[in-house]
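> Give me the fold of what follows.
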Amino acid sequence: MNESGKLIVVSGPSGAGKSTVISRVMENDKSVVFSVSATTRAPRAGEHEGVDYFFIDKKHFESMIDNGELLEHTQYVDNYYGTPKLPVLENLSKGFSVLFDIEVQGAMQIKKQYPEAILIFVIPSDFSEIEKRLRKRGTDSEEKIQQRIKTAKIEYLMALNYDYIVINDDPDLAAFEIKAIITAEKCKTVNRKKYLTEVSLS
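Presented below is the predicted three-dimensional model:
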């Protein structure tokens, strides 16, 4: 079937385990491509340029904002994050669904421009798990951990603006739920009513 791609936005606070879940959603699914964001933060261990993020400096990022090269952008914990526009539009035109891993502010920007975008918020079943996971990372100072926890509380309130909430206590189950959401969205009548036009009562 020749069907158009979907914009799939996945958000959640630091420590929710979004990256792990998204990687499992992407496994063996050639119809979904990952939207690589640009950021001014430093790479973490195991992250690769052009795969996890485009790592750029602040001056370059601000020039992208000024030139309208970003689909959305936001500032989070002293760093910029944003989505380069051109690759997203190219993939959608080819029929691929594009999956985003972005913060809540960026998600709202995309939803405003593209009301058909599917917004999914990922969280553990217990908020206390956020702090446990942040500390287990061992990458942030105590001050930054507390800042992330404070930001997470604000993001939880924003979750009510999302279409779906996925609980990530088990990454495999969370990935299964996101795949089910994508499948259900593709099967909506509004997306497949064109197949009904082939039927005639005459």
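> Phi first, then psi, for residue 70.
Per-residue torsions, residue 70: phi -110, psi 140 (degrees, to the nearest 10).
> thinking it is in contact with residue 86, fair?
No. Contact criterion Cβ atoms under 8 Å: residue 70 and residue 86 do not qualify, at 10.0 Å. Any C-beta I mention is one placed from the backbone N, CA and C, and that applies to glycine too.
> Contacts only, for the residue nearest in space to the middle of the chain.
For the chain, the residue nearest the mean C-alpha position is residue 101 (2.4 Å; Cα atoms, centre = their mean). For residue 101, the contact set (Cβ atoms under 8 Å, 6 or more residues apart in numbering) comprises 10, 11, 18, 19, 22, 34, 35, 37.
> For it, give its distance to residue 141.
Distance check for residue 101 against residue 141: by Cβ to Cβ, to the nearest Å, it reads 24 Å.
> give me the number of residues near the residue nearest to residue 32 when sequence neighbours are not counted?
Leaving aside its sequence neighbours, residue 32 sits nearest to residue 97 (Cβ to Cβ, 6 or more residues apart in numbering; 4.7 Å). The local packing of residue 97 (other Cβ atoms under 10 Å) involves 20 other residues.
> burial count for residue 157?
Residue 157 - counted by other Cβ under 10 Å - has 9 other residues nearby.
> my read is it is in a helix, agree?
Yes. Under DSSP: H, G, I helix; E, B strand; the rest coil, residue 157 sits within a helix.
> ok, it to residue 140 distance?
22 Å.
> what does the strand or helix carrying residue 146 rub up against?
Element membership for residue 146, per DSSP states H and E: helix 142-158. Helix 142-158 is contacted by residues 11-15, 76-77, 103-104, 108, 121, 123, 127, 130-131, 134-135, 140 when judged by Cβ under 8 Å, 6+ apart.
> if you set the cut-off to 10 Å instead, what comes out?
11-16, 76-78, 103-105, 107-108, 121, 123, 127, 130-131, 134-135, 137, 139-141 (Cβ atoms under 10 Å, 6 or more residues apart in numbering).
> Could you do stretch 170-188 as well?
The contact list for stretch 170-188 (Cβ under 10 Å, 6+ apart) reads 1, 3-6, 8, 10, 16-27, 29, 31-32, 97, 99, 116, 118, 120, 122-124, 163-168, 191-192.
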